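**Student:** With the input below, show me the fold.
(chains A and B)
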2 protein chains.
Amino acid sequence: MSKYWWVNHKQTFRHEIDGGYLWSPKTEKNGARSQFYDNMRLTSPGDIVVSFANARIAFVGRVVDYALTSAKPAEFGAVGTSWSTEGWLLPIAWQSLAKPVRPKDNLRDLSAILPHKYSPIHPQTGSGNQKAYLAEISQAVFDVIARLGEIDLQKLPPSEQNADTFGAYVEQLDDCVERQLRNNQELSLSEKDLIIKARRGQGAFRANVQKIERKCRLTGISDPSLLIASHIKPWRSCVSTNERLDGSNGLLLTPHVDLIFDRGLISFLDNGSVLLSPRLNPADLKLLGLADCVATGTGAYLPTQCAYLAYHRANVFLP
Amino acid sequence: MSKYWWVNHKQTFRHEIDGGYLWSPKTEKNGARSQFYDNMRLTSPGDIVVSFANARIAFVGRVVDYALTSAKPAEFGAVGTSWSTEGWLLPIAWQSLAKPVRPKDNLRDLSAILPHKYSPIHPQTGSGNQKAYLAEISQAVFDVIARLGEIDLQKLPPSEQNADTFGAYVEQLDDCVERQLRNNQELSLSEKDLIIKARRGQGAFRANVQKIERKCRLTGISDPSLLIASHIKPWRSCVSTNERLDGSNGLLLTPHVDLIFDRGLISFLDNGSVLLSPRLNPADLKLLGLADCVATGTGAYLPTQCAYLAYHRANVFLP
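**Tutor:** Numbering: from 1, shown residues only, chains lettered A, B, ... in the order given. Here you go, the predicted structure:
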């Protein structure tokens, strides 16, 4: 079942529409949780988002992949620099409305059906709720907007065509980090080489991982040519050279296990038990041949690995 | 069991030593088969190669991954331009000998034990066999050279550390093709974009594949986010934009199936039966959860796909 969402863009409206995404910090400036930011992770591919900015709804979009941890996109520039730099990036395919809708002019239809808690706009005035970013709305609210705005969902790409959005976004983000690294005057050429090789799980990083891990935690495969040296805390999210090259920040995984671990469809507890995301279809787990090993779990992790696993559970694993 | 090999470098001696590989055409200039070139594919990681050039053996190397189809490395430049441009590239870790060995000076020890057929040097004169490139030698021959040259195999990287050599080489080769494409004045920017996206199985190529293939041929998984759009004839080996974007040149594969297909550990017959390479360890196939689906096979392929599969069987599949 698709859900319906309403975003109150901040200053980054044009960037988000042109770039095909939403981006939010993970918490308020003071570190407090925000339902409006937490909602970024509660969306699923296929969900519908209406875009509210400058007092009107002029775009509608379909979520094309799960939210992923991402630095603030570079094109935001100076906008919103008070936010923490790591947030949630949600890939969206946007489409403009035939007739933009001004909620203020349609409160008669909307007021009664807006959510009681976490409403994106004030139900009496129609002004945007300053605290709101991404708010869940009922299908009834969406239907009103769709009728007024003559929204045609057929024009949006069907969710099942959403191919490799995750991979494409991750590559863009990685490329962006790689460019910054290449321009970093404080790193020597040989350091840059090691770090950039680590992006693909090669070189010193892989050698370091192989000192700690010997085989795939799930399949038990030990032939190195069938294994990927996968970062636990993603390469793009690492904050230092040490994190990018640290053998404790890696697992040797068979490629299908690597994919579902990178996408946050599984994670691990410190004792080695496997965490399964509700987003992973149990039938697919079986087709992947992993149902048995997931139930068995793996050996416990070293304390140095557990710090990275905690990051993975909080920032990569899909709740 | 490791095998022992002897290479007679041609003009590209320095390139091969410095670059960490051997490269040969696939056939003689007239298209005839050559055992010395076929041998490139009969090596395995861990095998030992002695390097003969300028009448002496001055290097020894360990094969670090299976031979892969590759254009002639760019650094060869004008050398050997009469060869066909597609050949076998064999990744090797080289090490110089403490004491280079001149076979001509040691014929008393070598003559009797050199191979009768396909010998790399003439057993009486010690001159290089003009036709020879990579020749298999017995352990006895190697032992003589090792004794004379004071070879210490411990100094070579152990074969089991040979991590992701295949992936690293493929990326280098892909990067090289991508640079050529970017510099190609005959392609428009949008064409370049499509072709470069196809390298990662994204964009138009993936959309084209999805029109023909719906699920992984082996696991049956159909969730697009768990599938890779994999080229049958590798992206780097394609000779035209059409081949790089052709949906018939792709399969939707789960990542572990994609890896063993790309590495040539499996291939398919036109009728859909699975070909297993003798290089794929049956125990690993079981750990990958693929033993059953491999036995079952898949549906037959379309005639347009069969042309690409024929290429895969001849040039990617490991005999």
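
**Student:** CA atoms for contacts and neighbours, from now on please.
**Tutor:** Will do.

**Student:** ok, the closest residue to residue A:315 other than its chain neighbours - contacts?
**Tutor:** In this structure, residue A:315 finds its nearest non-sequential neighbour in residue A:69, 6.3 Å apart by CA to CA, 6 or more residues apart in numbering or on different chains. Contact analysis of residue A:69 by CA atoms under 8 Å, 6 or more residues apart in numbering or on different chains lists A:86-89, A:237, A:315-316.

**Student:** What about those residues, which are in helices?
**Tutor:** If you go by DSSP state H, those have residue A:315 in helices.

**Student:** Any idea what the residue nearest to the spatial centre of chain A is bridged to?
**Tutor:** In chain A, the residue lying closest to the centroid (CA atoms, centre = their mean) is residue A:68, at 1.4 Å. Following DSSP bridges, residue A:68 is listed with bridge partners residue A:89.

**Student:** how near is it to chain B?
**Tutor:** 14 Å (CA to the nearest CA, to the nearest Å).

**Student:** and if you look at residue A:215?
**Tutor:** Residue A:215 is 11 Å from chain B, by CA to the nearest CA.

**Student:** And residue A:206, by the same measure?
**Tutor:** Applying CA to the nearest CA to residue A:206 and chain B gives a distance of 8 Å.

**Student:** Count the residues that sit near that residue.
**Tutor:** If you count neighbours by other CA atoms under 10 Å in any protein chain shown, residue A:206 ends up with 26.

**Student:** if I pick it, what's in contact with it?
**Tutor:** A:198, A:229, A:247, A:250, B:163.

**Student:** taking those one by one, which sit in helices?
**Tutor:** residue A:198.

**Student:** about what we covered before: and of the contacts of residue A:69, the nearest to chain B?
**Tutor:** Closest approach between the contacts of residue A:69 and chain B, by CA to the nearest CA: residue A:316, at 15.8 Å.

**Student:** Is the top helix by length along chain A positioned near chain B?
**Tutor:** When chain A is parsed with DSSP H, its longest helix is helix A:165-183. Yes - residues of helix A:165-183 are located near chain B by CA under 8 Å from any CA of the partner chain, namely A:165-166, A:168.

**Student:** Next, the buried residues of that helix.
**Tutor:** A:165-170, A:173-174, A:177-178, A:181 (16 or more other CA atoms under 10 Å in any protein chain shown).

**Student:** next one: stretch A:140-149
**Tutor:** A:141-142, A:144-146, A:148-149.

**Student:** What lies in contact with that stretch?
**Tutor:** The contact list for stretch A:140-149 (CA under 8 Å, 6+ apart) reads A:4, A:50, A:97-101, A:109-110, A:113-114, A:151-152.

**Student:** quick one on the thing from earlier: could I get the residues of helix A:165-183 next to chain B as TSV with distance to residue A:278 and pLDDT?
**Tutor:** Listed next are those as TSV, based on distance: CA to CA, whole Å; pLDDT from 0 to 100:
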residue	distance to residue A:278	pLDDT
A:165	20	74
A:166	18	81
A:168	23	80
